[in-house]
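Peer 1: give me coordinates for this.
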Amino acid sequence: GRPMPVVNQIEMHPLVYSQRQDLLEYCREHSIQIQAFGSLLHGYSHFLTDPPEFLSEMVRRYDTNGVEYASYNSNNSALVGDLPPPAITTVHILLQWALQHEFAIIPKSSKTERITENVRYTNLAPNRSNDESKAVDFRLSEEDMD
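Peer 2: Numbering: from 1, shown residues only. Prediction:
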């Protein structure tokens with residue numbers, strides 16, 4: 001017969017998570033990695049600027065400094081240590097949610113600054129310098145994962 005798939009790419013974010021439970025369970029039972037297509041609310045992009053209340057509340061709870069984060073300038077590493085921890089955004093909550101569920105994610109962006117900022121919120125940069133390790137490391141609570 002045909003070999004079992006190793007990866008299943010499906011739309012996956014908090015708005016569809018509850019509808020995918022049977023598929024997620026099947027994939028877990030058969031060691032199939034979920035790759036989250038649309039992990040940044042594909043098809044619901046208006047929620048990134050005007051998020052539903054549950055996402056807004058999570059952003060408020062996890063934002064550690066309450067100030068706007070100035071775009072990280074990757075060309076001037078001297079600035080890294082001087083920057084306050086960046087403010088948590090809806091995007092960071094969504095990325096962290098997917099990572100904690102152990103979904104493979106490939107957030108699309110054509111802007112270097114956005115990619116750099118998103119990596120600061122994840123452990124995707126294994127060779128971070130001490131300055132870069134001042135990234136905001138946070139984990140969502142079990143309650144927020146459901």
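Peer 1: tell me the phi and psi of residue 143?
Peer 2: Backbone geometry at residue 143, expressed as degrees, to the nearest 10, gives phi -60, psi -40.
Peer 1: tell me which helix or strand the residue at minimal distance from the centre of the chain sits in.
Peer 2: Closest to where the C-alpha atoms of the chain average out (CA atoms, centre = their mean) is residue 95, at 0.7 Å. For residue 95, the host element (DSSP states H and E) is helix 90-100.
Peer 1: quick one, grab the pLDDT at residue 124.
Peer 2: Note for residue 124: predicted pLDDT of 47.
Peer 1: check residue 28 too.
Peer 2: 96.
Peer 1: also residue 20?
Peer 2: For residue 20, the predicted pLDDT is 95.
Peer 1: do a quick rundown of the helices in the protein.
Peer 2: Per DSSP state H, the chain carries helices over the ranges 21-29, 46-49, 53-62, 90-100, 112-120, 142-145.
Peer 1: and those, which is most packed in?
Peer 2: Per-stretch averages of neighbours, counted by mean count of other CB atoms under 10 Å, single out helix 90-100 among these, with a mean of 21. Quick note: C-beta positions are derived from backbone N, CA and C, even for glycine.
Peer 1: centre of the chain versus it, how much separation?
Peer 2: Distance of helix 90-100 from its chain centroid, counting by CA atoms, centre = their mean, to the nearest Å, is 3 Å.
Peer 1: pLDDT on that helix, on average?
Peer 2: 86.
Peer 1: ok, and what's touching that helix?
Peer 2: Helix 90-100 is contacted by residues 12-14, 36, 39-41, 47-48, 51, 55-56, 58-59, 62, 105, 107, 118, 121-122, 136, 138-140, 144-145 when judged by CB atoms under 8 Å, 6 or more residues apart in numbering.
Peer 1: what about residue 11, neighbour count?
Peer 2: Using other CB atoms under 10 Å, residue 11 is surrounded by 15 other residues.
Peer 1: can I get the helices of the chain in JSON lines including distance to residue 6?
Peer 2: Output for these, formatted as JSON lines (distance: least, CB to CB, whole Å):
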{"stretch": "helix 21-29", "distance to residue 6": "10"}
{"stretch": "helix 46-49", "distance to residue 6": "30"}
{"stretch": "helix 53-62", "distance to residue 6": "31"}
{"stretch": "helix 90-100", "distance to residue 6": "18"}
{"stretch": "helix 112-120", "distance to residue 6": "25"}
{"stretch": "helix 142-145", "distance to residue 6": "24"}
